[in-house]
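Student: Just a sequence and a predicted model for now, questions to come.
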Amino acid sequence: MELREWALGGVLLSPMLLYALLALLLTGVLRLALQRAGMSRWIWHEALFDCALYICVLAGLMALLAAW
């Protein structure tokens, strides 16, 4: 797994920032889909579920995009 920094106007940006923002967006979409499907009533602790879902999505993105 290789994470190379991007230079943007003399500022080095980590690709982890892009992955984190993309994971946040995907987590929001997945959460909305779960609510509309009626599956959110099975979630015991919503904040803990949201955090765990975000970490899982972020790890999946890192595995898919960092090797690409």
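Tutor: Now that the structure is in, tell me what you want to look at. Numbering: from 1, shown residues only.

Student: hey, which helix is longest across the chain?
Tutor: Secondary structure of the chain read by DSSP state H shows that its longest helix is helix 15-36.

Student: and it, what other elements does it pack with?
Tutor: Counting contacts by 3 or more Cβ pairs under 8 Å, 6 or more residues apart in numbering; DSSP states H and E, helix 15-36 packs against helix 46-65. For the C-beta atoms, the positions are set from N, CA and C on the backbone; glycine is no exception.

Student: and the gap between Cys56 and Gly10?
Tutor: Distance from Cys56 to Gly10, counting by Cβ to Cβ, to the nearest Å: 35 Å.

Student: Show me which of those two is the more surrounded one.
Tutor: Between Cys56 and Gly10, counted using other Cβ atoms under 10 Å, Cys56 has the larger neighbour count: 13 against 5.

Student: Please determine how far that one is located from Leu12.
Tutor: Relative to Leu12, and taking Cβ to Cβ, Cys56 is found at 28 Å.

Student: Fine by me, thanks again.
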